[in-house]
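A.B. asks: can you look at this prediction? I've put the sequence above it.
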Amino acid sequence: MSLDPDVIASEETPYLFASKRSRLLVGRRGVVASTISTLVILGIIIAVLFAAPGGATFRYYFFDPHSMWVSWVGNPKLGIEAIRSGLLTNIWMFLVSEVLVLFIGLALAWTRMSHSPVLLPFRILVTAYTDIFRGIPLLLVVFIVGYGLPSLQFGFVSKLSLATYGVIALTLTYSAYVAEVFRAGILSVPNGQLLAARSLGLTHASTMRRVTLPQAIRTVIPPLLNDFISLQKDTALVSTLGAVEATRAAQIFESTNFNGSGLVVASLFFLALTIPMTRFTDRLMARDRARRLAVAS
Amino acid sequence: MSDVVLELDAVVKRFGENVVLRGISLQLHRHEVVCLIGASGSGKSTLLRCANLLETIDDGTITLFGQSLMDPRIDPDLVRRHVGMVFQSFNLFPHLSVLDNVMLGPVRAQKRKGPEVREEALSLLARIGLRDRADEYPDRLSGGQQQRVAIVRSLAMRPSLLLLDEVTSALDPTLVGEVLDLLTDLARHGTTMLIATHEMNFAKDVAHQVVYLDKGVLVEKGTPEEMFSNPKHESTRNFLERVR
Amino acid sequence: MRSVRLALAGVLGASLLTGLSLTSGVTAQAASTTIALAKCKTTIATQEHTKGKLTVATDNPVYTPWFVNNTPSNAKGYESAVAYAIAAQLGVSKKNVVWVKEPFDSSYTPGPKSFDFDINEISYTAARAKAITFSTSYYDVQQSIVALKTNAIVKKHTPQELKSYQYGDQIGTTGLAYINNNIKPTKPARVYSTLDQAVLALKLGQIDAIVIDTPTGQYMASSQIVVKKKLLATQVGQFPSVGEHYGLLFSKGNPLASCVNVALAAMKANGSLAALQQKWLGIYTSVPVIKP
């Protein structure tokens, strides 16, 4: 059976120039298209904010400069807590939690991946732990820890500050997530790396420590960072116990003065904390990815 | 000490239902170079991995340096400190510099002293002309350079036996030569090697023994002259025709 | 004898005259209010959220003495009664008063409201009045302290001693503001999302005292904080007034507010508002006054 020659090789000369429309979307002309599209979108947003019937109220409620300032510095006489001092609570909470979570999460992952027979009961415990704390909503854990521990009346454990209970709840929950992230990272290290390390006579533990973990940790930095940004935002949940941190302070301002500009202020400062971190990690990721791809698998 | 470094006797290896090695028997003597040839899936890689206990066999025996690897007292990590292995995909550690790659095994597995290992590592790198790249990371090196570093990484362990698994198959044709030159050099210096390869000319030049595997069966073995000029089995002949 | 009769007549005459002039002043005022009210009865038809009905919002749950049994429509409790009284003044029958639930936190957010006005012990402040429209006062507020009977604050509450306790309160309340502005304790007060959480904290001993308006405080102490029918809390005392008052909440610029103010003015003039306060809040106001 032979192929019809006309099907495989046409006599016609193909036309190679792009259509006018696709030319507008490519290269230098593409810049024009993107500028126009950006301006249009911006224009729509501004139009909505200013021309919509509720526009003035919306702008007063969320973007009033005087309110933003008062919410930032606080006014105890009116019962308004300063967002700037609330932020300090958020910051120390997530710094402490993140460090604890890294260590505990890594310990949990390592235990789960170990081969030692002695650690079998711990492997079972770790699996149960990650199941439980990834299953219960963080808010519930905050309540159980924040109301439960004090009611036990069990020495100093029952007399900690509200933010400390928050740190405990955050650490318990996020360690479970981070343990799974580490585990996935460990499993993602190419098998060739393990073979090479074992072929050099490195023990299982040594391989883990010198070859697997260093690579796994670099791989998991983006999902870890995601979890940490989540954790940062979840520090706000401690407000349900009565502690005053940034979002809480903003809420207090809102219900005291019937103005939500504090919420915008708090949001801006959260962004100021997280955006540099994400850009820095992007750079780390790119550098590591280049190295990994170059050595094949 | 006996002259036989490695001996396989009727070795059988299964992966589930799939029988990958069907009763392989061969001997490797000190300073000898044996090349394994055969199509993909013929069992060459598996054979090599059984030799350094990365895989365990299901039947038969493997004797290394006169000791049976089937003995329950055998310490696999210890075995691998004396048997070097180089892989098709180099498997250099991307998070370590070239020098650290070479030093990792001797320092952490063999517990040798740092400064001494460093000296030796640098001279090995000098031998392959890459001493000035010692502090760079593997991603900056070409494939041929990476593979030569991988070979040197194994040599730093002072192995009594070197296993090489198609170490040029993943390389650009222009880079194959530099790796083969290094292996030829090692052979001339008397390194005991078991090499799985597709490079027939290299095998002709360097091997003392050529072994042909087909679907897990050791079909034929002999000197390069015997195998390449006058193969006895039809299967061997067909294979050599195809790779010519 | 004749001098006594003359004196009596003089007194009578004087009081009659005074009475007459007073009532004439009052009558004059009452007359203008009646006119305004009559006008309102026709204009509100265009201003109501749902035509023909007066839609009143409040929180859920709501407590005595402001409402009874968490059922605003039973006309029991001070705020429920005031709402129905206002409706009556505006010519809206009882069955045309519709109740809706609106959590405090969403009652003041921008956007169209699902009610005509919200009655929920909302205190007037100038800042708040920028976001919504308040009616005139329907109750002047004093703050009080509620604590467990076993707490030291029950016996020790001089101005100096008051500063040493751990207070807790609901977010955004004037009680919290009073703590920070007038009591000024050394330890910052704890802030809770809801009053229920603050009460729980009080029961658990996490805080020493809650500051809350007198009537609510009295209800809390006398009925709400109980374990096995045992009253745990007490209302320690109330603070002097600082000019705080409750207003009804309208969306900003809602024209209905002016008519509601007319209704309130009428109720103040004819004493019906005071009567309602006496009926629902009177028994709660005989609480000792302490200084902050």
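C.D. replies: Sure, I can see it.

A.B. asks: now the element after the helix ranked longest in chain B, going C-ward?
C.D. replies: Identified as the longest helix of chain B according to DSSP state H is helix B:173-188. Later in the chain than helix B:173-188, the nearest helix or strand by DSSP states H and E is strand B:193-196.

A.B. asks: restrict the longest helix of chain B to CA atoms and write it as PDB.
C.D. replies: This file holds the C-alpha atoms of helix B:173-188, laid out as PDB (Å, rounded to 0.1, in the frame of the first residue of the first chain):
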ATOM      1  CA  PRO B 173      28.800  11.500  20.700                       C
ATOM      2  CA  THR B 174      31.600  14.200  20.700                       C
ATOM      3  CA  LEU B 175      32.000  13.700  24.500                       C
ATOM      4  CA  VAL B 176      32.100   9.900  24.500                       C
ATOM      5  CA  GLY B 177      35.700   9.900  23.500                       C
ATOM      6  CA  GLU B 178      37.100  11.600  26.600                       C
ATOM      7  CA  VAL B 179      35.300   9.200  28.900                       C
ATOM      8  CA  LEU B 180      36.400   6.100  27.000                       C
ATOM      9  CA  ASP B 181      40.000   7.500  27.000                       C
ATOM     10  CA  LEU B 182      39.900   7.600  30.800                       C
ATOM     11  CA  LEU B 183      38.600   4.100  31.000                       C
ATOM     12  CA  THR B 184      41.200   2.900  28.600                       C
ATOM     13  CA  ASP B 185      43.800   4.600  30.800                       C
ATOM     14  CA  LEU B 186      42.400   2.800  33.900                       C
ATOM     15  CA  ALA B 187      42.500  -0.500  32.200                       C
ATOM     16  CA  ARG B 188      46.100   0.000  31.200                       C
END
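
A.B. asks: what are the contacting residues of it?
C.D. replies: For helix B:173-188, contacts defined as CB atoms under 8 Å, 6 or more residues apart in numbering or on different chains pick out B:33, B:128, B:142-145, B:147-148, B:151, B:155, B:162, B:164, B:167-168, B:171, B:193, B:195, B:199, B:202, B:205-206. Every C-beta, even on glycine, is put in place using the N, C-alpha and C of the backbone.

A.B. asks: can you pull the contacts of the spatially most central residue of chain A?
C.D. replies: By CA atoms, centre = their mean, the mean C-alpha position of chain A lies nearest to residue A:226, the distance being 2.5 Å. Residue A:226 sits next to no residue when contact means CB under 8 Å, 6+ apart.

A.B. asks: for chain C, see how far away it is.
C.D. replies: 28 Å (CB to the nearest CB, to the nearest Å).

A.B. asks: name the element that residue belongs to?
C.D. replies: Using DSSP H and E, residue A:226 sits within helix A:213-234.

A.B. asks: now the element after that helix, going C-ward?
C.D. replies: Past helix A:213-234, further along toward the C-terminus, the next helix or strand under DSSP H and E is helix A:246-257.

A.B. asks: so how far is that next one from its chain's centroid?
C.D. replies: A distance of 24 Å separates the centroid of the chain from that of helix A:246-257, by CA atoms, centre = their mean, to the nearest Å.

A.B. asks: ok, now stretch B:141-160?
C.D. replies: From the chain centre to the centre of stretch B:141-160 is a distance of 11 Å (CA atoms, centre = their mean).

A.B. asks: average pLDDT for it, rounded please.
C.D. replies: Averaged across stretch B:141-160, pLDDT comes to 94.

A.B. asks: and for residue A:176, the neighbour number?
C.D. replies: Residue A:176 is flanked by 23 other residues according to other CB atoms under 10 Å in any protein chain shown.

A.B. asks: contacts only, for it.
C.D. replies: Residues counted as contacts of residue A:176 (CB under 8 Å, 6+ apart) are A:105, A:108, A:129-130, A:132-134.

A.B. asks: check the secondary structure at the most far-flung residue of chain B relative to its centre for me.
C.D. replies: No residue in chain B has its C-alpha farther from the mean C-alpha position than residue B:115, which lies at 28.0 Å (CA atoms, centre = their mean). When classified by DSSP: H, G, I helix; E, B strand; the rest coil, residue B:115 comes out as helix.

A.B. asks: now the helix or strand hosting residue A:205 - C-alpha only, CSV.
C.D. replies: Using DSSP H and E, residue A:205 falls within helix A:204-207. C-alpha atoms of helix A:204-207 as CSV (Å, rounded to 0.1, in the frame of the first residue of the first chain):
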residue,chain,number,x,y,z
HIS,A,204,20.9,4.8,55.1
ALA,A,205,21.1,7.4,57.8
SER,A,206,24.2,9.0,56.2
THR,A,207,22.6,9.0,52.8
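
A.B. asks: what's in contact with that helix?
C.D. replies: Contacting residues not belonging to helix A:204-207 are listed as A:115, A:194, A:197-198, B:108-109 [CB under 8 Å, 6+ apart].

A.B. asks: repeat for stretch B:45-55
C.D. replies: Outside stretch B:45-55, the residues touching it (CB under 8 Å, 6+ apart) are A:195, A:198-199, B:6, B:8, B:11, B:13, B:20-21, B:24, B:36, B:56-57, B:62, B:64, B:69, B:74, B:76, B:79-80, B:83, B:85, B:161, B:163-166, B:194, B:196, B:213.

A.B. asks: can you flag the buried ones in the residues you listed?
C.D. replies: A:195, A:198-199, B:6, B:8, B:11, B:13, B:20-21, B:24, B:36, B:57, B:62, B:64, B:69, B:79-80, B:83, B:85, B:161, B:163-166, B:194, B:196, B:213 (16 or more other CB atoms under 10 Å in any protein chain shown).

A.B. asks: those in helices, which ones?
C.D. replies: Per DSSP H, the buried ones among the contacts of stretch B:45-55 map to helices at A:195, A:198-199, B:79-80.

A.B. asks: need those residues in a markdown table with pLDDT, can you?
C.D. replies: Output for these, formatted as a markdown table (pLDDT from 0 to 100):
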| residue | pLDDT |
| --- | --- |
| A:195 | 94 |
| A:198 | 95 |
| A:199 | 95 |
| B:79 | 93 |
| B:80 | 94 |
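
A.B. asks: among the residues you listed, which pair sits farthest apart?
C.D. replies: Farthest apart among those by CB to CB are A:195 and B:79. That separation is 14.4 Å.

A.B. asks: now do the same for residue B:244: its pLDDT.
C.D. replies: Per-residue pLDDT puts residue B:244 at 68.

A.B. asks: now stretch A:91-106 - C-alpha only, PDB.
C.D. replies: In PDB, the C-alpha atoms belonging to stretch A:91-106 read as follows (Å, rounded to 0.1, in the frame of the first residue of the first chain):
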ATOM      1  CA  ILE A  91       5.200  38.500  64.000                       C
ATOM      2  CA  TRP A  92       6.600  36.900  67.100                       C
ATOM      3  CA  MET A  93       3.800  34.200  66.900                       C
ATOM      4  CA  PHE A  94       4.700  33.200  63.400                       C
ATOM      5  CA  LEU A  95       8.500  33.400  63.900                       C
ATOM      6  CA  VAL A  96       8.300  31.100  66.800                       C
ATOM      7  CA  SER A  97       5.800  28.800  65.200                       C
ATOM      8  CA  GLU A  98       7.800  28.500  61.900                       C
ATOM      9  CA  VAL A  99      11.000  27.500  63.700                       C
ATOM     10  CA  LEU A 100       9.200  24.900  65.800                       C
ATOM     11  CA  VAL A 101       7.200  23.600  62.800                       C
ATOM     12  CA  LEU A 102      10.400  23.100  60.700                       C
ATOM     13  CA  PHE A 103      12.100  21.000  63.400                       C
ATOM     14  CA  ILE A 104       9.100  19.000  64.400                       C
ATOM     15  CA  GLY A 105       7.900  18.500  60.800                       C
ATOM     16  CA  LEU A 106      11.300  17.300  59.800                       C
END
